[in-house]
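1. turn this into a model:
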Amino acid sequence: MAAWGERLAGVRGVLLDISGVLYDGGEGGGAAIAGSVEAVARLKRSRLKVRFCTNESQKSRADLVGLLRRLGFDVSEGEVTAPAPAACLILKQRGLRPHLLVHDGVRSEFDQIDTSNPNCVVIADAGEGFSYQNMNKAFQVLMELENPVLFSLGKGRYYKETSGLMLDVGPYMKALEYACGIEAEVVGKPSPEFFKSALQEMGVEAHEAIMIGDDIVGDVGGAQRYGMRALQVRTGKFRKTASGSLCSVSASVPEPAVSPGSPSALEWKVTLRSKAQDTGCSVASERPFSQALSLGRGGRHACARVRNSHVQPRVSLFLPVPIEDHGYTSTPLIPLQPHRAIPTWCLCTSVPLSPT
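-> Numbering: from 1, shown residues only. I've put the predicted structure just below:
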């Protein structure tokens with residue numbers, strides 16, 4: 001555990017995503033992810049400050065906390081940073097009256113907001129409410145405004161429920177952006193203002209905090225760009241084949257397990273991918289290596305070099321490729337074994353952590 005302490009030195013606060021990290025939603029309220037209740041309890045027993053930072057927009061904050069408590073989590077409403085209350089504050093500050101395209105479960109958050117004669121649109125994860133009729137009404141409201149304003153509560157592509165993957169608000173936000181020729185204001189991760197609000201509520205600085213989530217863009221990328229450290233769990237929406245600015249590395253070790261003195265027995269298959277904004281994903285290189293790797297820069301392209309280091313068997317790591325125009329941190333890629341106390345929270349990381 002010494003390596004963890006060294007790498008996370010100075011961390012005073014932990015931001016936890018909820019959906020896909022603590023639980024998977026679904027019929028009957030969903031189910032807690034194995035190990036997550038104990039993990040939260042352990043964090044709360046430590047000296048670290050804990051904040052729950054979510055883009056959940058199908059439930060009010062009170063309903064979400066009630067669900068988490070029923071699943072066994074120790075959490076209070078005051079510990080949750082969610083986009084709907086943040087959006088209400090912005091609407092009041094700017095004197096805006098929204099047309100709401102939101103789920104019925106979160107509509108109560110806007111009870112104190114004037115929605116007559118709307119001069120903006122707020123879109124959230126409306127679920128079955130994303131009908132053609134409702135989308136077209138939001139489009140019409142925006143097109144009738146001289147200066148159309150669109151707020152999106154998060155911009156995720158999809159999330160995981162117990163029944164499978166579900167479309168999130170992002171695709172519908174993009175449809176309205178394209179149709180109206182505008183850019184939405186995102187309230188929620190990865191917005192810097194959203195992270196700023198959560199950190200202020202915790203009373204810690206960005207360099208003193210770490211974000212734990214299942215979204216490589218909203219959680220890990222957003223936190224990094226704001227100056228935080230970040231870990232991606234391998235639950236929820238995590239996918240080995242997820243597109244984006246990722247470097248995927250997997251190791252397969254034959255039995256018996258390789259000792260630190262024989263790294264040449266490891267067989268690596270490394271895929272480096274680069275992704276320009278909205279242009280899709282292309283494979284930059286794919287080749288086997290016999291030892292552990294670290295990442296470096298080569299102009300606008302990621303590069304890899306062989307480095308002598310032992311790696312635990314059957315560990316897969318996913319990191320943002322350190323390309324300058326994406327703003328991700330360039331860090332060594334060091335293999336990491338799962339946290340012994342949280343066996344299902346394995347291990348994608350944006351900070352260089354060593355095996356324990």
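
2. CA atoms for contacts and neighbours, from now on please.
-> Will do.

3. can you give me the helices for the chain?
-> With helices called from DSSP state H, the chain shows them at 2-7, 36-45, 61-70, 83-94, 132-144, 170-180, 192-202, 222-225.

4. quick one, the longest one and helix 170-180 angle?
-> Spelled out, that is helix 132-144. In terms of direction (axes from the mean of the first three to the mean of the last three Cα atoms, to 10 degrees), helix 132-144 departs from helix 170-180 by 40 degrees.

5. in helix 132-144, which residues are buried?
-> 135, 138-139, 141-142 (16 or more other Cα atoms under 10 Å).

6. can you lay out those residues as JSON lines showing distance to Leu43 and pLDDT?
-> What follows is the buried residues of helix 132-144, written out as JSON lines (distance: Cα to Cα, whole Å; pLDDT from 0 to 100):
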{"residue": "Met135", "distance to Leu43": "41", "pLDDT": "99"}
{"residue": "Ala138", "distance to Leu43": "42", "pLDDT": "99"}
{"residue": "Phe139", "distance to Leu43": "44", "pLDDT": "99"}
{"residue": "Val141", "distance to Leu43": "45", "pLDDT": "99"}
{"residue": "Leu142", "distance to Leu43": "44", "pLDDT": "99"}
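
7. will you turn those into JSON lines that also has distance to Met228?
-> Conversion of the buried residues of helix 132-144 to JSON lines gives the following (distance: Cα to Cα, whole Å):
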{"residue": "Met135", "distance to Met228": "36"}
{"residue": "Ala138", "distance to Met228": "35"}
{"residue": "Phe139", "distance to Met228": "36"}
{"residue": "Val141", "distance to Met228": "38"}
{"residue": "Leu142", "distance to Met228": "35"}
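
8. and which of the residues you listed is nearest to Arg157?
-> For the buried residues of helix 132-144, the closest approach to Arg157 (Cα to Cα) belongs to Met135, at 17.0 Å.

9. tell me the one among the buried residues of helix 132-144 nearest to Leu167.
-> Nearest to Leu167 among those, with distances taken as Cα to Cα, is Met135, at 14.8 Å.

10. need the contact list for the closest one.
-> Applying Cα atoms under 8 Å, 6 or more residues apart in numbering, we find Met135 in contact with Leu101.

11. pLDDT of stretch 186-200, averaged?
-> For stretch 186-200, the mean per-residue pLDDT is 95.
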